[in-house]
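>>> sequence first, predicted coordinates after that:
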Amino acid sequence: MPFEKIKVGYARVSTDEQHLDMQLKALESYGCSHIFSDKGLSGARFDRPGLKQALEAVQQGGTLVVWRLDRLGRSLRHLASIIGDLDKRKVRVVSLTEYIDTRSSSGRFTFHMLAAIAEFERGLIGERTRAGMAAARERGSSIGRPGALSTHQCEQARSMLKHHSQAFVAKSFSVHPRTLRRYLNKAARAPSINADAAITAALSASDSTLASRA
């Protein structure tokens with residue numbers, strides 16, 4: 001059952017060896033009537049049961065209280081996302097040791113700064129990713145998912161087509177017949193100018209062999 005307009009506390013430690021006592025006492029002293037916690041869980045994890053319960057418990061007009069903001073999340077983007085979601089729900093966020101209160105002007109400023117830095121960080125990551133991909137292309141490195149069929153598998157498939165149908169060979173390599181044809185064409189194109197003709201001949205030979213056996 002939701003807890004409306006109350007102070008909900010959340011505490012977290014990263015390892016089982018650490019203790020929650022100091023955080024819990026501080027949250028109790030602040031007047032939190034419901035306190036949730038996670039022990040032995042990194043702040044980088046999104047699937048923390050204690051945090052999930054705390055976020056579900058605090059409702060519009062309520063307050064979520066933490067010992068420090070990094071108890072909510074270690075990633076700036078994750079932290080900004082959580083606080084942003086709470087702000088949309090009209091939930092106040094209070095950090096005890098950092099004296100941050102999102103209902104105060106200084107607290108609002110801090111929140112907007114966090115969001116701006118998180119957006120800047122996201123932009124930098126995207127820029128570095130694009131630069132890395134461009135550099136890889138210049139070096140001739142392949143980018144993206146690995147191919148469905150290796151060169152060796154293409155050779156095996158081409159040999160099997162002499163005695164089996166396209167559908168059978170494709171199923172043997174867990175690919176669609178169109179995918180099989182595409183990879184065989186691609187593999188044959190490098191050493192041979194008449195790649196399409198070679199593949200067509202192999203496929204035709206396969207069909208002819210099967211027809212003669214029928």
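Received it, and whenever you're ready, just let me know what you need.

>>> list the buried ones in stretch 171-190?
By neighbour count on 16 or more other C-beta atoms under 10 Å, the buried set for stretch 171-190 is F173, V175, L180, R181, Y183, L184, A187, A188. Bear in mind the C-beta positions are built from the backbone N, C-alpha and C, glycine included.

>>> centroid residue for this structure?
A centroid search over the chain (C-alpha atoms, centre = their mean) returns F46, at 10.5 Å, as the residue closest to the centre.

>>> S37 sits in which helix or strand?
strand 34-39 (DSSP states H and E).

>>> avg pLDDT for that strand?
Mean per-residue pLDDT for strand 34-39: 94.

>>> now what about it, what contacts it?
Here strand 34-39 makes contact (C-beta atoms under 8 Å, 6 or more residues apart in numbering) with 3, 6-13, 16, 18, 20, 23-24, 27-28, 48-51, 53-54, 57.

>>> can you list the buried residues in that strand?
Neighbour counts over strand 34-39 (16+ other C-beta under 10 Å) mark H34, I35, F36, S37, D38 as buried.

>>> name the nearest of the residues you listed relative to L86.
Taking C-beta to C-beta as the measure, L86 lies nearest F36 of the buried residues of strand 34-39, at 14.4 Å.

>>> other SSEs contacting the lengthiest helix in the chain?
The residue-count maximum for a helix in the chain (DSSP state H) belongs to helix 105-139. Counting contacts by 3 or more C-beta pairs under 8 Å, 6 or more residues apart in numbering; DSSP states H and E, helix 105-139 is packed against helix 76-88, strand 100-101.

>>> just name the most buried of the ones you listed.
Of these, the one with the most neighbours on average (mean count of other C-beta atoms under 10 Å) is strand 100-101, at a mean of 20.

>>> does V58 touch D85 like I think?
No: using C-beta atoms under 8 Å, V58 makes no contact with D85, being 11.0 Å away.

>>> pretty sure L184 sits in a helix.
Yes: looking at L184 with DSSP: H, G, I helix; E, B strand; the rest coil, it is inside a helix.

>>> what pLDDT does the model give it?
84.

>>> same deal with L55?
On the pLDDT scale, L55 gets 92.

>>> which elements pack onto the one helix or strand it maps to?
Assessed by DSSP H and E, L55 sits inside helix 49-57. Applying 3+ C-beta pairs under 8 Å, 6+ apart, one finds that helix 49-57 contacts strand 7-13, strand 34-39, helix 76-88.

>>> quick one: closest of the ones you listed to R139.
helix 76-88 (29.9 Å).

>>> output the helix or strand following the closest one as PDB, restricted to C-alpha atoms.
Moving toward the C-terminus from helix 76-88, the next helix or strand (DSSP H and E) is strand 92-95. The C-alpha trace of strand 92-95 is given here as PDB (Å, rounded to 0.1, in the frame of the first residue of the first chain):
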ATOM      1  CA  ARG A  92      11.200  15.900  -2.700                       C
ATOM      2  CA  VAL A  93      14.700  14.500  -2.400                       C
ATOM      3  CA  VAL A  94      16.900  15.200   0.600                       C
ATOM      4  CA  SER A  95      20.600  14.200   1.000                       C
END
